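Undergrad: sequence below, structure please.
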Amino acid sequence: MTGKILISACLMGLPVRYDGKPKTLLHAAVARWREEGRLVSFCPELAGGFAVPRPPAEIARAMDGGDVLDGAAQVVEPTGRDVSDGFIEGARRALAVAQENGCRHALLIDGSPSCGSGFLYDGSFSGRRHEGEGVTAALLRRHGITVYSDREVDRLVAVLAAEDAAPEACGARAGSGFAIGTCERIATWPKRACAPASLQGRKTSAPLQGGCPISPRGTDGAGNLGNIGSVEPQFKCRRIKLL
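TA: From the prediction side, this is the model:
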């Protein structure tokens, strides 16, 4: 079994959403991971100091969590009150918990200004959606943690299966100069094909999704990533030099 998975607390059945309700995710894989002790439950908004219940919040002007982290956008309540600091603090704490627990993946509730990874609400509090990622999802991705929405459990299952198989592949190569414990698992993405959907068409100057080999120049020579989709990593072995 590979590393643990950070998961939104509301998906685990905890009533921590802004309206005081849970958003329980019923899926056989999630139930299995829970029994295995593989899930790390966390609510960034509670960690950021917000109460339950609390006013709803959205990222203003149809922007997203990356913009909030960069100081270019605000998370606001319906009254217009800026609550960005709490969302940023919650994201930082989520990252710290993920790193402390060795989480390489996160399973987060979509649509949330914290945890959304595919869509957000546009800040008008009218129910209008747009493509984007929340503050926590953006920060996790910047630090190499892959983020999946509650609608992408099957994708995460496939990735974990590949990861779990990788150490066996390393050990199986012992007869070819590799000994068990002398190789490591490496995730690789097809070049120019790993931007999450929320970053398609956006400019970037940093690697995405944990070491994705995207050029800072993007795909069109002008710094735009374009519609290149989201591709799962492949795993291979690399020899480790023994001291």
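Undergrad: residues making contact with stretch 122-130?
TA: For stretch 122-130, the external contacting residues (C-beta atoms under 8 Å, 6 or more residues apart in numbering) are 56, 58-63, 76, 78, 111, 119-121. All C-beta atoms are positioned from the backbone trio N, CA, C, and that covers glycine.
Undergrad: now do stretch 49-63
TA: With C-beta under 8 Å, 6+ apart as the criterion, stretch 49-63 contacts 15-20, 45-46, 65, 67-68, 72-79, 81, 83, 86-87, 89-90, 113, 120-125, 130, 132, 134-135.
Undergrad: which among those count as buried?
TA: Taking 16 or more other C-beta atoms under 10 Å as the criterion, what is buried in those is 16-18, 45-46, 65, 67-68, 73-76, 83, 86-87, 89-90, 113, 120-123, 132, 134-135.
Undergrad: follow-up on the earlier one: in strands only, show me the contacts of stretch 49-63.
TA: Using DSSP state E, the subset of the contacts of stretch 49-63 located in strands is 75, 76, 120, 121, 130.
Undergrad: low-confidence stretches in this structure?
TA: Low-confidence segments of the chain, defined by pLDDT under 70: 1-2, 166-243.
Undergrad: now the helices for the chain?
TA: Listed from the start of the chain, the chain has helices (DSSP state H) covering 28-35, 44-47, 65-69, 84-100, 135-142, 153-172.
Undergrad: spit out the contact partners of residue 116.
TA: Residue 116 sits in contact with 65, 108, 109, 110, 132, 133, 134, 137, 149, where contact means C-beta under 8 Å, 6+ apart.
Undergrad: again, only using 10 Å
TA: By C-beta atoms under 10 Å, 6 or more residues apart in numbering, residue 116 lies in contact with 59, 64-65, 108-110, 129, 131-138, 147, 149, 198.
Undergrad: could you flag which of those are buried?
TA: For the contacts of residue 116, buried by 16+ other C-beta under 10 Å: 59, 64-65, 108-110, 131-138, 147, 149, 198.
Undergrad: what about the spatially closest residue to residue 79 that is not a sequence neighbour, neighbour count?
TA: Nearest-residue entry for residue 79: residue 55, 7.4 Å, with adjacent residues in sequence omitted and distances by C-beta to C-beta, 6 or more residues apart in numbering. As a burial measure, residue 55 scores 15 neighbours (other C-beta atoms under 10 Å).
Undergrad: quickly note the distance from residue 55 to residue 104.
TA: 34 Å (C-beta to C-beta, to the nearest Å).
Undergrad: again, but for residue 7
TA: 13 Å.
Undergrad: between the two, which one's more packed in?
TA: residue 7 (26 against 18).
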